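K.L.:
Need coordinates for the following:
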Amino acid sequence: MLQKVDTKRLTAGLIVLTFLVIAVGGLIRVSDAGESCPDWPTCFGTWGFDISPEEQERWWNENPDEIDSRGEHHRYTTFEIFTEWFHRLLAGAILGPLVILNWLIIRRNEDTSKRSTFASNLALGLIIWQGALGWLTVKIDNIHWSVAMHLSSALAFILCLIWLWICINRDEGIQPSWLEFDPILASKWKNRIALLGLSTFTTVFAGVFVATTPGADQICGVSGDVNSWPLCNGDYLPEIVDLENQSQIIHRWLVAFVGGILLIACWYIRNEQIQHQHGIILRNWIWAATALYCLNIAIGALYILSWSPDNETFREILSLIHLLVGSTSFLTLATSWLAISAFALHEPEPEAL
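P.N.:
Coordinates of the predicted model:
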């Protein structure tokens with residue numbers, strides 16, 4: 001029965017589902033609902049999400065040690081609790097069991113390569129680690145570094161699934177045309193793409209740190225003009241006296257620096273002597289990642305410039321899109337690097353003379 005399941009399709013489905021889990025996690029963050037289920041894995045001691053204010057009060061009275069940063073008198077809405085509950089449902093009750101199922105199928109398949117088996121083992125380990133981080137994040141009331149680590153682990157997990165999907169394709173002797181790169185150009189750019197991907201990731205990590213540090217996203221002002229973006233309270237290079245509270249300034253510097261590197265990379269690969277279509281494919285991957293990155297800069301600017309107490313919902317949507325586009329830019333570069341690495345691993349060894 002298990003052998004009849006198509007692991008390639010299942011893995012592809014897991015990739016899509018993981019991105020959905022990340023999106024819901026982002027929705028929790030922008031809705032400020034990260035503490036709406038104060039315990040784990042239950043929610044206010046129940047398995048549901050429709051917890052009335054009276055039921056919340058009774059639970060706080062019975063569990064005074066679990067009172068979060070908002071205080072014992074704060075009450076969460078049903079929507080806020082639902083977002084956290086739904087996130088746990090997707091991750092714990094659907095994604096986790098499917099990862100285990102995929103792992104079992106791959107282990108029982110005698111034709112599976114060692115690389116696919118290792119990738120599957122790693123995916124299983126990462127989903128367990130992700131669950132542990134989720135518990136820790138709830139336990140310490142969604143402190144900024146724990147939320148950033150939780151997202152980082154989720155991105156590592158989705159990359160592991162992408163790697164597994166590529167390996168399964170290799171086992172079947174199939175390579176999608178959009179992952180077929182010129183081997184000479186790919187070898188030359190492999191380390192460069194790794195550096196670009198790592199640099200892009202640092203901006204995503206710093207952005208999450210800013211978003212989860214109270215007041216950090218307003219430290220440069222919210223005047224709605226150039227004094228708040230691209231300037232910071234009217235200054236180009238304000239003095240840094242508090243790394244945590246002024247993390248938005250550091251984030252902006254990182255974004256500008258990495259954006260410059262990406263644009264330089266686009267210029268360099270444009271001038272490469274591309275011999276055939278496969279070289280154009282790699283170039284397009286780098287251009288696509290850079291385009292997404294630049295689009296995300298515009299979204300971040302709009303988030304600051306459109307600041308108003310009357311459009312909070314609009315800003316929340318922008319913040320969620322900002323997270324997802326930034327993550328997609330990183331994943332684009334990381335996927336191309338994984339494809340290049342998988343290609344190199346499958347190159348036939350030269351025959352002995």
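K.L.:
can you give me the helices for the stretch 1-150 of the chain?
P.N.:
Remark: helices assigned in the stretch 1-150 of the chain by DSSP state H, counting those that start in this stretch are 7-30, 53-62, 78-88, 96-108, 114-139, 144-171.
K.L.:
Kindly reformat these as a markdown table containing distance to residue 301, mean neighbour count and mean pLDDT.
P.N.:
In short, each C-beta sits where N, CA and C put it, glycine included. Shown next, in a markdown table, are these (distance: least, C-beta to C-beta, whole Å; neighbours: other C-beta atoms under 10 Å; pLDDT from 0 to 100):
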| stretch | distance to residue 301 | mean neighbour count | mean pLDDT |
| --- | --- | --- | --- |
| helix 7-30 | 17 | 20 | 94 |
| helix 53-62 | 38 | 14 | 90 |
| helix 78-88 | 27 | 20 | 93 |
| helix 96-108 | 38 | 17 | 94 |
| helix 114-139 | 29 | 18 | 92 |
| helix 144-171 | 22 | 21 | 92 |
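K.L.:
To residue 315, which of those helices lies closest?
P.N.:
Each of the helices of the stretch 1-150 of the chain has some distance to residue 315 by C-beta to C-beta; the shortest is helix 7-30, at 8.2 Å.
K.L.:
For the closest one, enumerate the helices and strands it packs against.
P.N.:
Counting contacts by 3 or more C-beta pairs under 8 Å, 6 or more residues apart in numbering; DSSP states H and E, helix 7-30 is packed against helix 78-88, helix 96-108, helix 144-171, helix 183-211, helix 312-345.
K.L.:
can I assume residue 59 is in contact with residue 45?
P.N.:
Yes: judged on C-beta atoms under 8 Å, residue 59 makes contact with residue 45 at a distance of 5.9 Å.
K.L.:
circling back to that earlier point, for residue 178, which of the helices of the stretch 1-150 of the chain is the nearest?
P.N.:
Checking the helices of the stretch 1-150 of the chain against residue 178 by C-beta to C-beta gives helix 144-171 as the closest, at 11.7 Å.
K.L.:
Now render the helices and strands packed on helix 7-30 as a markdown table, adding distance to residue 244.
P.N.:
Formatted as a markdown table, the helices and strands packed on helix 7-30 follow (distance: least, C-beta to C-beta, whole Å):
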| stretch | distance to residue 244 |
| --- | --- |
| helix 78-88 | 25 |
| helix 96-108 | 33 |
| helix 144-171 | 8 |
| helix 183-211 | 8 |
| helix 312-345 | 19 |
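K.L.:
Which one, of those, ends up nearest to residue 243?
P.N.:
helix 183-211 (10.0 Å).
K.L.:
And the next helix or strand past the closest one?
P.N.:
helix 247-270 (DSSP states H and E).
K.L.:
That following helix: how far from the chain's middle?
P.N.:
Helix 247-270 has its average C-alpha position 19 Å from the chain's average C-alpha position, going by C-alpha atoms, centre = their mean, to the nearest Å.
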